[in-house]
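Undergrad: just the structure for this:
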Amino acid sequence: MDKPLISRRLVDSNGSLAEAPSGAPNVGILGSGDFARSLATRLVASGFRVVVGSRNPKRTAGLFPSATQVTFQAEAVVLPEVIFVAMSLSQQDPSGCEQPHRAGASSAP
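TA: Have a look, this model is predicted:
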């Protein structure tokens, strides 16, 4: 690989990802699973300001880079210019609000 996946210029001396520069584009991510964490890490390392929408931001905030803002889903979609939906289809409804997942629940109406 010719180019590192995470830019060293955005990594603090302690190895954590640094804050995005002022004026950086805002990106929102709805969801807080593995894909959302990976996407947030890459976006922060690329210089974007990232806000993540979660059902339980207090519980999930520690899983993301410190430069990432983790908040409730409704708040995460207000400011960003681009929004990624990073949740399974079984957790979505047509209105765009995340539904609680129930073990053994069918996705059929």
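
Undergrad: the longest helix along the chain: what's the following helix or strand?
TA: Longest helix in the chain by number of residues, with DSSP state H as the criterion: helix 34-45. On the C-terminal side of helix 34-45, the closest following helix or strand by DSSP states H and E is strand 49-54.

Undergrad: average model confidence for that next one?
TA: Taken as a whole, strand 49-54 has a mean pLDDT of 94.

Undergrad: quick one on the thing from earlier: the longest helix of the chain vs strand 49-54, what angle?
TA: 160 degrees (axes from the mean of the first three to the mean of the last three CA atoms, to 10 degrees).

Undergrad: in helix 34-45, which residues are buried?
TA: Residues of helix 34-45 classed as buried: A36, R37, L39, A40, T41, L43, V44, A45 (neighbour count, 16 or more other CB atoms under 10 Å). The C-beta positions use only the backbone N, C-alpha and C, and glycine is treated the same way.

Undergrad: name the SS class of the residue nearest to the fifth one when sequence neighbours are not counted, please.
TA: With CB to CB, 6 or more residues apart in numbering as the measure, P65 is the residue that lies nearest to T41, at 5.6 Å, once sequence neighbours are left out. Taken by DSSP: H, G, I helix; E, B strand; the rest coil, the conformation at P65 corresponds to coil.

Undergrad: what about P65, distance to L89?
TA: Here the distance between P65 and L89 works out to 27 Å (CB to CB, to the nearest Å).

Undergrad: give me the more crowded residue out of these two.
TA: Set side by side, P65 and L89 show more neighbours around P65, with 18 against 8, by other CB atoms under 10 Å.

Undergrad: contacts for stretch 25-37, please.
TA: Stretch 25-37 is touched from outside by 39-40, 43, 48-56, 60, 63-64, 70, 73, 76-77, 79-87, 91, 98, with contacts defined as CB atoms under 8 Å, 6 or more residues apart in numbering.

Undergrad: for the nearest residue to G53 once chain neighbours are set aside, grab the count of nearby residues.
TA: Once its chain neighbours are removed from consideration, G53 has its nearest residue in A76; the separation is 3.0 Å (CB to CB, 6+ apart). A76 is surrounded by 22 other residues when neighbours are defined as other CB under 10 Å.
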